[in-house]
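> just need the structure, nothing else, for what follows:
(one chain, ligands or ions: 1)
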Amino acid sequence: MTNPFQLLGISDDVVNAVKDLGFENPTPIQEQSIPVLLEGTNDFVGLAQTGTGKTAAFGLPLLELIDFKVNKPQALILCPTRELCLQIANDLKNFSKNIANAHVVAVYGGANIMQQLREIRQGVQIVVATPGRMLDIIGRKAIDFSNVKYVVLDEADEMLNMGFQDDINDILSTTPDDKKTWLFSATMPSEVRRIAKNYMDNPIELTMGTKNTGNVNIDHEYYIVRARDKYAALKRIVDFNPDIFGVVFCKTKLDTQDIAEHLIKDGYNADALHGDLSQQQRDKVMQRFRERNMQLLIATDVAARGIDVNNVTHVINYSLPDEIESYTHRSGRTGRAGKTGVSICIINSKELGKIRQLERIIGKQFTKAELPTGFDVCEKQLFSLVHKVHNVEVNNEQIDQYIPRIMDEFADLTKEEVIKRFASLEFNRFLDYYSKAPDLNAAVGDDRGERGERGERRGRGSEGYTRLFINLGSVDEFTRGDMLSFICNNGKIGGKSVGKIDLKGVFSFFEVEDAVADKVFEGFKSVEFNGRQVRIERSGEGGGERRGGGERRSGGFGGERRSGGGGGYRGGDRRSGGGRREGGNSGGGFRDFSGRSREDKGGSGRREGGSGERRKKW
Ligand code: AMP
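Numbering: from 1, shown residues only. Alright, predicted model coming up:
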């Protein structure tokens, strides 16, 4: 039987390679775009979501069109983030593994430029790049694009949103006029339209799915809760989905930190991903998530761009995004590669109008869901445990030696009693925790006790002390003693003025006497650590900061105490993720970090994204 990729015009070498990757049938976007792109004679605009098989949709035709006997760059793929860049390059290497002399290079910031230059010098046909680093390399006259025949602009809306318009202009000006440009975008704001108009000649346009339509595999749900119950609602949703593998989106870096911190304290395996992390820290966090050693990734919009992790079961919008279009990107982290997924919004009743707006934009209805009761959660967890016990892989070799003693221990119990006890072990913990759990569902218009999401002022340390946030922590290999010296040396204060030091993973809190707080701020004004700007803030007082639940620890974050267990992912060693820092993003300036860059401009409490005004607001 002829392979369906062959029928689309893909050659045997490449078909065999994608077969090895488990691609049996082309995805709809591949089916539609491969025959068009294989012609190689047209510009192209593809409106497509992430996770739909876009990379192969343009990658396979490129491999057919490139002359691999010639060792010169013939295709340039520009994309917004380092993660996406690596992923595309990796996919292309896999697709081309049977083609002799095929060379693909990934060019991105935050990594050694020398190595990238070396690879380019050795001869490559396909360059996959983030704009900042690409421009740097062009500036060094280290690459010749005069043979480029195809330029792919992947996730064009994201590149524009991140402010790469000028860089793209500059890069494209170094490529021949008669090249073909293929543009892919999940959304089609007017800026992307303009790009298509400026750079392209009569492009063929394909819309995979309806315009702006979310992936059909994703269900959209919303829960209405009072702002102070948001965190408890998040936990309840997680507890009700014991096998959840999800991304939780927050608006600000501090929110991601706060929520990750509280989830970790409450026994969940979670971590934060945001722009204050170095590239290496981000890589480590992502690696843990990708390997499923972490159950919940708490992320900002910018940091989560380009995340391609399959089998994400849930996207949780802890706060709705500022820009409507970000919702499509957020929800697109689930329901990838034909899998189903759920995108959940935890909102207060005033935000219902935003849900209606989203429904109009993505052309899909949201389901109003009710937060499960404590009893529902207990039942769900109980059967999840029973299921796990039933399916656990038994290591007979190891366990057999203990069986006689275990049997002895249970000799006085019937089978039913033993089962009851095993089940109770976990069930009791949830029962304890949830026995008095309140109903968290808020009625529409029920804004009782709402003080918005702003919460109360934080930053109060112990009496007479100011509590400060610092963007360094144990993953930077700081001990509490190291941190004390670091604070004293840079803040130019004595150790006696420093109060509690709360060392976290990628950040920490410390207290200093009120009287020296300003001095410490002054001292830390331009301190760097391993090439990274050290930032301190009054804890919780970042400009424009929003926090879900605020500092109402008893009613909000700390209101529901989890007794641990249940999730199946727990117990990952948070510290193992991270550690080393790199020596900065050589040469490419802040843009090389792509997502990071724009975040870095704002204090952590500020919203991310430098070019928000250009996007559609609510
Ligand atoms: P992409 O949109 O290119 O990031 O692809 C999303 C995911 O789908 C990746 O993990 C791909 O490996 C996978 N994928 C792409 N095309 C196919 C296909 N035809 N069959 C199965 N999986 C695919």
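
> tell me which strands and helices the lengthiest helix in the chain is in contact with?
Ordering each helix of the chain by length in residues (DSSP state H) puts helix 415-434 first. The contact analysis (3 or more C-beta pairs under 8 Å, 6 or more residues apart in numbering; DSSP states H and E) places helix 415-434 against helix 374-391. Using the backbone N, CA and C atoms, a C-beta is placed for each residue, glycine as well.

> can you rerun that using 10 Å?
helix 230-240, helix 374-391 (3 or more C-beta pairs under 10 Å, 6 or more residues apart in numbering; DSSP states H and E).

> may I see the buried residues of whichever helix or strand comes after the first one?
Using DSSP states H and E, the helix or strand that follows helix 230-240 towards the C-terminus is strand 246-250. Within strand 246-250, the residues that qualify as buried are 246-250, counting by 16 or more other C-beta atoms under 10 Å.

> for stretch 202-222, give the mean pLDDT please.
Average pLDDT, stretch 202-222: 72.

> and the residue nearest the centre of the chain, what does it touch?
Against the mean C-alpha coordinate of the chain, by C-alpha atoms, centre = their mean, the closest residue is A304 at 2.9 Å. Each residue near A304 by C-beta atoms under 10 Å, 6 or more residues apart in numbering is listed here: 81, 83, 247-249, 256, 273-274, 286, 297-298, 315, 326, 329-330, 333, 595.

> let me see the confidence value for it.
76.

> how about D301?
84.

> which residue is the nearest non-sequential neighbour of it?
S326 (5.2 Å; C-beta to C-beta, 6 or more residues apart in numbering).

> now for that neighbour, how many residues are close by?
As a burial measure, S326 scores 26 neighbours (other C-beta atoms under 10 Å).

> please apply the same query to L431.
Per other C-beta under 10 Å, the neighbour tally for L431 reads 17.

> now do the same contact list for it.
Counting by C-beta under 10 Å, 6+ apart, L431 makes contact with 374-375, 377-378, 381-382, 424, 563.

> got the residues of the protein near the ligand?
Residues of the chain lying close to the ligand by C-beta under 6 Å from any ligand atom are 23, 25-27, 30, 50-56, 308, 310, 336-337.

> show me where pLDDT drops low in the stretch 51-200 of the chain?
Counting by pLDDT under 70, the stretch 51-200 of the chain contains no low-confidence segment.

> where do the strands of it begin and end?
Per DSSP state E, counting those that start in this stretch, the stretch 51-200 of the chain carries strands over the ranges 75-78, 104-107, 126-129, 150-153, 180-185.

> for the stretch 401-550 of the chain, same thing?
Applying DSSP E, counting those that start in this stretch to the stretch 401-550 of the chain gives strands spanning 465-470, 498-503, 508-513, 528-529, 532-533, 536-538.

> average pLDDT for the fourth one?
Within the predicted structure, the mean pLDDT of strand 528-529 is 86.

> got it, and the third one?
Within the predicted structure, the mean pLDDT of strand 508-513 is 88.

> and the closest residue to Q116 other than its chain neighbours, how many residues sit next to it?
Take Q116 and drop its neighbours on the chain: the residue closest to it by C-beta to C-beta, 6+ apart is V107, 5.2 Å away. Using other C-beta under 10 Å, V107 has 30 neighbouring residues.

> which parts of stretch 29-42 are buried?
For stretch 29-42, by 16+ other C-beta under 10 Å, it's 29-34, 36-38.

> distance to N348 and pLDDT for these - can I get that in JSON lines?
As requested, the buried residues of stretch 29-42 are exported to JSON lines (distance: C-beta to C-beta, whole Å; pLDDT from 0 to 100):
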{"residue": "I29", "distance to N348": "37", "pLDDT": "87"}
{"residue": "Q30", "distance to N348": "41", "pLDDT": "91"}
{"residue": "E31", "distance to N348": "43", "pLDDT": "90"}
{"residue": "Q32", "distance to N348": "41", "pLDDT": "89"}
{"residue": "S33", "distance to N348": "41", "pLDDT": "92"}
{"residue": "I34", "distance to N348": "46", "pLDDT": "94"}
{"residue": "V36", "distance to N348": "46", "pLDDT": "92"}
{"residue": "L37", "distance to N348": "46", "pLDDT": "95"}
{"residue": "L38", "distance to N348": "50", "pLDDT": "95"}
